[in-house]
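Student: let me see the structure of the following:
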Amino acid sequence: MFYRKILDELDNWRNSKFRKPLILRGARQVGKTTAVEMFSKNFRQFIHLNLDKVEDKNLFERNYSFEILLEAIFLYKDANRNEPETLIFIDEIQNSPEAVRQLRYFYEEAPELFVISAGSLLESLIDNTISFPVGRVEYLVMKPVCFTEYLHAVNADAELQLIHQIPCSEYAHEKLLNHFYSYALVGGMPEVIERYLQTKDIHQLKPVYEALLTAYLDDIEKYSSSDSQVKVLRHSIKSVMTEAGKRIVYQGFGNSNYRSREISEAMMLIERAMLIQLIYPVTQTILPIAPDFRKSPKLQLFDTGLLNYFSGVQKDLFLSRDIMQTYHGRIAEHIAGQELSAISFDPLFKNIFWTREKRQSKAEVDFIYQYENLLIPVEVKTASTGHLKSLHIYMNSAPHDIAVRIYSGALSEDKITTSSGKSFRLLNLPFYLINEINNYIKWLLS
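Tutor: Residues are numbered from 1 along each chain as shown. As a prediction, the model looks like this:
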């Protein structure tokens with residue numbers, strides 16, 4: 001067990017006077033159960049219900065009134081109903097639509113209890129006639145381990161202090177970059193990280209990656225409506241592992257004969273399972289954000305370590321230690337997207353990128369990051385500042401003067417003038433500081 005940022009979010013939830021039962025979302029095996037068990041140390045009484053277990057699930061399947069259900073839970077778990085500091089954790093809640101329905105009554109009739117539920121594939125596995133109790137629950141999303149959490153896992157305490165020091169000292173650059181390369185290589189799945197820390201051998205990670213993919217494929221079958229959809233979903237999820245990092249089209253995805261509609265439906269289900277993120281472009285430089293769903297999306301797998309393994313680039317990345325060159329730069333952009341996504345625990349948050357609205361234009365900015373009311377362009381590039389053409393085009397129409405370049409170099413700032421005469425400040429941010437981007441934009445603005 002090592003520190004996860006979600007623990008701070010859970011602590012905020014616990015102390016909120018507007019607290020509601022919490023649904024903790026996230027892909028399978030990202031560490032949801034472990035995080036809640038760590039969080040439970042803050043309570044005098046912890047009740048863990050795992051709805052993968054028949055006896056736990058049956059508590060919700062017997063048509064008890066809510067009052068009787070509560071009595072049954074406390075009795076079954078030998079717990080004290082009068083203990084106010086009680087955390088009830090309903091794990092794998094997707095296995096019982098009735099348990100989901102009962103969450104509203106925890107809010108309405110037992111607000112003194114602290115209730116967290118967690119599960120994978122929630123929207124997909126629960127019967128369509130059962131809806132989440134709108135207005136009576138709240139949500140957080142847990143992502144794979146980010147780089148800061150990885151430093152906690154490897155006990156790099158000195159490096160953690162440097163990460164949080166604004167600005168970060170340049171003398172630590174090489175050491176932090178080496179840590180980031182290791183992180184980018186293995187990815188953010190807790191079990192993979194644990195195995196790597198024990199063995200220091202990437203070859204020992206193969207069975208863990210394979211087991212994860214097998215589990216995801218097995219999950220897919222649980223919410224398929226037909227044998228034909230099973231085939232499309234299985235093809236899609238396997239292809240996702242090698243196509244991630246690209247802009248994709250649905251027709252014939254993964255060198256198949258499947259139609260656009262079949263792949264589109266499969267992708268929606270896989271995205272709802274939180275295994276991928278479909279990143280759509282915007283064409284404006286001001287709020288509100290309005291993604292253009294008519295344009296082809298970029299495909300982001302939820303974990304770069306899985307992408308490295310299934311696309312066969314682990315060895316190249318390990319030997320070269322050059323994230324910018326591996327896989328034509330796709331790994332660099334992909335891990336940057338993963339780090340940007342990990343900043344937010346909001347279930348509605350999605351990465352976006354920018355394309356020029358003008359026809360026949362190839363201008364494209366890798367990511368657009370919203371900082372307060374500003375849409376900040378973020379490029380993942382090795383190029384010199386004079387060759388960031390798409391960034392210059394974006395800044396010509398942006399109502400502010402801040403841009404970010406993510407790269408392998410040290411922290412720095414450049415003052416740039418576009419060919420149209422617009423001056424802007426370019427924050428050159430090393431990979432290991434992506435998760436601190438809010439603090440560095442604030443630092444630059446001040």
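Student: tell me which element L429 is part of?
Tutor: Per DSSP states H and E: L429 is located in strand 423-430.
Student: elements contacting the next helix or strand after that strand?
Tutor: Counting by DSSP H and E, the next helix or strand C-terminal to strand 423-430 is helix 437-445. In terms of contacts (3 or more C-beta pairs under 8 Å, 6 or more residues apart in numbering; DSSP states H and E), helix 437-445 is packed against strand 367-371, strand 402-407, strand 423-430. Using the backbone N, CA and C atoms, a C-beta is placed for each residue, glycine as well.
Student: which stretches of the stretch 301-446 of the chain have low pLDDT?
Tutor: 327, 383-386 (pLDDT under 70).
Student: if you set the cut-off to 80 instead, what comes out?
Tutor: Where the stretch 301-446 of the chain drops to pLDDT under 80, the residues are 319-322, 325-328, 358-361, 382-387.
Student: low-confidence regions, the stretch 101-250 of the chain specifically.
Tutor: Those would be 120-132, 220-225, if you go by pLDDT under 80 across the stretch 101-250 of the chain.
Student: doesn't V115 belong to a strand?
Tutor: Yes: counting by DSSP: H, G, I helix; E, B strand; the rest coil, V115 is found in a strand.
Student: any idea which of the helices and strands packed on helix 437-445 is most buried?
Tutor: Mean neighbours per residue, mean count of other C-beta atoms under 10 Å, is largest over these for strand 402-407, with a mean of 22.
Student: and the contacts of that strand?
Tutor: 324, 332, 336, 369, 371, 374, 376-382, 385, 388, 391, 394-395, 416, 424-431, 434, 437, 441, 444-445 (C-beta atoms under 8 Å, 6 or more residues apart in numbering).
Student: the stretch 151-300 of the chain: strands as residue ranges?
Tutor: Per DSSP state E, counting those that start in this stretch, the stretch 151-300 of the chain carries strands over the ranges 276-279, 281-282, 298-301.
Student: would you list the ones you listed in a markdown table and tack on mean neighbour count and distance to P111?
Tutor: Formatted as a markdown table, these follow (neighbours: other C-beta atoms under 10 Å; distance: least, C-beta to C-beta, whole Å):
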| stretch | mean neighbour count | distance to P111 |
| --- | --- | --- |
| strand 276-279 | 20 | 34 |
| strand 281-282 | 21 | 40 |
| strand 298-301 | 24 | 38 |
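Student: list phi and psi for V380.
Tutor: phi -110, psi 100 (degrees, to the nearest 10).
Student: typed the wrong thing, it's E138
Tutor: phi -130, psi 170.
Student: who's it bridged to?
Tutor: Going by DSSP bridges, E138 is paired in beta bridges with L22.
Student: now the residue nearest the centre of the chain: closest residue in space that isn't a chain neighbour?
Tutor: The centre of the chain sits closest to K143, judged by C-alpha atoms, centre = their mean, with a distance of 3.7 Å. Leaving aside its chain neighbours, K143 sits nearest to A342 (4.6 Å; criterion: C-beta to C-beta, 6 or more residues apart in numbering).
Student: what do you get for Q204?
Tutor: R195 (5.9 Å).
Student: state the distance from that neighbour to S40.
Tutor: 25 Å (C-beta to C-beta, to the nearest Å).
Student: try T283
Tutor: Distance from T283 to S40, by C-beta to C-beta: 46 Å.
Student: do P207 as well
Tutor: P207 is 30 Å from S40, by C-beta to C-beta.
Student: more crowded one of these two?
Tutor: S40 (18 against 10; other C-beta atoms under 10 Å).
Student: list the contacts for the more buried one?
Tutor: So S40 contacts F46, H48, L87, F89 (C-beta under 8 Å, 6+ apart).
Student: show me which pair in those residues is furthest apart.
Tutor: H48 and L87 (8.9 Å; C-beta to C-beta).
Student: how about the strands of the stretch 151-300 of the chain, which one is nearest N155?
Tutor: Once the strands of the stretch 151-300 of the chain are compared by C-beta to C-beta, strand 298-301 is nearest, at 27.9 Å.
Student: show me the contacts for A184.
Tutor: Neighbours of A184 in contact, by C-beta under 8 Å, 6+ apart: T304, N308, L317, I323, I331, I335, F431.
Student: actually Q29, not the one I typed
Tutor: Counted by C-beta under 8 Å, 6+ apart, Q29 has contacts M189, P190, E191, L212, A215.
Student: what about the fourth one, neighbour count?
Tutor: Neighbour count of L212, defined by other C-beta under 10 Å: 20.
Student: now it, nearest residue through space, not along the chain?
Tutor: Excluding its sequence neighbours, the residue lying closest to L212 (C-beta to C-beta, 6+ apart) is Q29, at 6.2 Å.
Student: now do the SS call for that neighbour.
Tutor: Assigned by three-state DSSP, the conformation of Q29 is coil.
Student: of the contacts of Q29 - the most surrounded one?
Tutor: Neighbour-wise, these (other C-beta under 10 Å) top out at M189, 24 neighbours.
Student: hang on, that residue packs against A215?
Tutor: No: counting by C-beta atoms under 8 Å, M189 sits too far from A215 to count as a contact (11.2 Å).
Student: the helices in the stretch 251-400 of the chain, which residues?
Tutor: 260-272, 304-310, 314-320, 330-342, 389-397 (DSSP state H, counting those that start in this stretch).
Student: and the gap between the residue lying closest to E109 once chain neighbours are set aside and V115?
Tutor: Excluding the flanking residues, the one nearest E109 by C-beta to C-beta, 6+ apart is F66, at 5.8 Å. Distance, F66 to V115, using C-beta to C-beta: 12 Å.
Student: between the two, which one's more packed in?
Tutor: The residue with more neighbours, out of F66 and V115, is V115; 22 against 14, by other C-beta under 10 Å.
Student: wait, the more buried one sits on R104?
Tutor: No: using C-beta under 8 Å as the test, V115 is too far from R104 to be in contact (10.9 Å).
Student: with that, I have no additional questions.
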